[in-house]
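J.: Here you go, sequence then predicted model.
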Amino acid sequence: MKPKIVTKESFKVIGMERKFTLNNNTIPQLWDDFMPRFHEIKNKVNPDVAYGICESGDVDVTIENMSKDTEFNEVVCFEVSNFDDVPDGMVTRTIPAHKYAMFTHKGELSNLSHTYDYIFGEWLTKSGYDIADNFDFELYDERFNLKDQKNSEIDVYLPIKEK
């Protein structure tokens, strides 16, 4: 799996958030809670593209000291043109401009952890890049198909900087 190195400008998102660990992964439930409410976001840039943003609140979290009990924050969201109308119970984020390594995960979501294992366990250590920020995100567009996950694709974006 070879990533594309891309640059993305800053963008704004509105969505719902929840804390999780790898041992207590509540992200599927967060999506289940979010999907009935996503229509409340009025100023979506593209209603066919959703994001899952994984944030580490601790800037000292590294690959070496991360465990299955490390706490992360997940924001499931849509890109918006502005923050003028934020629905109750939802949060905003501005994702900064960065250079990213973009990986395409093909297949079932249950195998997404294998993609992350490759990114952080293999690719990053040999790539000549370091992680540039305390988040990464997944992009779900028309290639994602929850009902036919074997033929589904999502993109994983990791912010990077030269070593």
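T.: That came in fine, so what should we check first?

J.: What are the buried residues along stretch 16-35?
T.: 16-18, 20, 27, 30-31, 34 (16 or more other Cβ atoms under 10 Å). From N, CA and C alone the C-beta is placed, and that goes for glycine too.

J.: In strands, which of these fall?
T.: Judged by DSSP state E, the subset of the buried residues of stretch 16-35 located in strands is 16-18, 20.

J.: will you turn these into a markdown table that also has distance to V156 and pLDDT?
T.: Below are those laid out as a markdown table (distance: Cβ to Cβ, whole Å; pLDDT from 0 to 100):
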| residue | distance to V156 | pLDDT |
| --- | --- | --- |
| M16 | 20 | 98 |
| E17 | 19 | 96 |
| R18 | 19 | 94 |
| F20 | 17 | 84 |
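
J.: Tabulate the residues you listed in a markdown table, adding columns for distance to Y100.
T.: Listed next are these as a markdown table, based on distance: Cβ to Cβ, whole Å:
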| residue | distance to Y100 |
| --- | --- |
| M16 | 23 |
| E17 | 21 |
| R18 | 24 |
| F20 | 22 |
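
J.: Any stretches of the chain with poor pLDDT?
T.: Residues of the chain meeting the criterion pLDDT under 70: 57-67.

J.: OK, contacts around the residue most central in space within it?
T.: The residue lying closest to the centre of the chain (Cα atoms, centre = their mean) is F137, at 2.1 Å. Residues in contact with F137 (Cβ atoms under 8 Å, 6 or more residues apart in numbering) are 51-54, 95, 156-157.

J.: and what of Q149?
T.: Neighbours of Q149 in contact, by Cβ under 8 Å, 6+ apart: 107-110.

J.: Tell me the one of the contacts of F137 nearest I5?
T.: Of all the contacts of F137, Y157 has the smallest distance to I5: 10.8 Å, by Cβ to Cβ.

J.: Now do the contacts for the closest one.
T.: Counting by Cβ under 8 Å, 6+ apart, Y157 has contacts 6, 8, 100-102, 136-139.

J.: from the ones in strands among the buried residues of stretch 16-35, which two are the most distant?
T.: M16 and F20 (12.6 Å).

J.: okay, and the common contacts of these two?
T.: Joint contacts of M16 and F20 (Cβ under 8 Å, 6+ apart) are L30.
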